[in-house]
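**Student:** Just a sequence and a predicted model for now, questions to come.
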Amino acid sequence: MADPRLFTAGSGSRDERATDASGRRLYNPYQDLNIPYKQLYDLPTSPEFLFQEESLAQRRSWGENLTYYTGIGYLSGAIAGAGIGLRDAARNAEPGDTAKIRANRVLNSCGSSGRRVGNTLGVIGLMYAGIESGMVAVRDRDDWINSVAAGLGTGALFRAANGPRSAAVAGAIGGVLAGAAMAGKQAAKRYVPAL
């Protein structure tokens, strides 16, 4: 379909019609209609905000944060789980299997492991995003403390059903991983040139 921005509104006469580089007349489906389609479809390129306060924010909203971390967690977990399932299917393959049996084993194993690991990492991302957004709302500040506290809380909450010792170890691991991720992000901002 032709780009309506190439044509002027109501360009019905032959001498006003747009042409391409070779001088051929371009097709304009709106040439005989007298509608202001340029005003209807010429959308702004800058982001629009309902409230002025939204334009001042330099981070994602809590809903966007929740969706982002949950989606990234689930997708990366599903891919990693599929890789684990592929390895397990290759390990469990028997010499007398037909190609159909092997393909079935690979698909079942990849689907099962991918689903399990994807759901686990999706829930971890959901908890992390919720705790981090809660910390930003309570502290009214967005810094590394929120991320480390969210990592601590996520690890502890995720392993809370296994007992307090397991929750403490998982919380410490989550805090260290979140701190390392924040340090890596800051180092990348500082030392890696923008491409």
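**Tutor:** Perfect, I can see it now.
**Student:** all helices for the protein, in order.
**Tutor:** Per DSSP state H, the chain carries helices over the ranges 37-41, 52-56, 62-91, 99-139, 144-158, 164-191.
**Student:** Ranked by average pLDDT, which of these falls at the bottom?
**Tutor:** Lowest mean pLDDT of the helices of the chain: helix 37-41, a mean of 65.
**Student:** any idea how the chain splits into domains?
**Tutor:** 60-124, 143-188 (the TED database).
**Student:** Including distance to A137, could these go into a markdown table?
**Tutor:** Any C-beta I mention is one placed from the backbone N, CA and C, and that applies to glycine too. Formatted as a markdown table, these follow (distance: least, Cβ to Cβ, whole Å):
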| stretch | distance to A137 |
| --- | --- |
| domain 60-124 | 7 |
| domain 143-188 | 10 |
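**Student:** do you know how far the residue nearest the centre of the chain is from R115?
**Tutor:** Residue closest to the average C-alpha location in the chain (Cα atoms, centre = their mean): Y68, at 4.7 Å. Using Cβ to Cβ, to the nearest Å, Y68 is found at 21 Å from R115.
**Student:** cool, and S133?
**Tutor:** From S133 to R115 the distance is 27 Å (Cβ to Cβ).
**Student:** Show me which of the two is the more surrounded one.
**Tutor:** S133 (21 against 16; other Cβ atoms under 10 Å).
**Student:** didn't that one look like it was pressed against L66?
**Tutor:** Yes: look at S133 against L66 with Cβ atoms under 8 Å: they come within range, at 6.9 Å.
**Student:** Nothing else from me, thank you.
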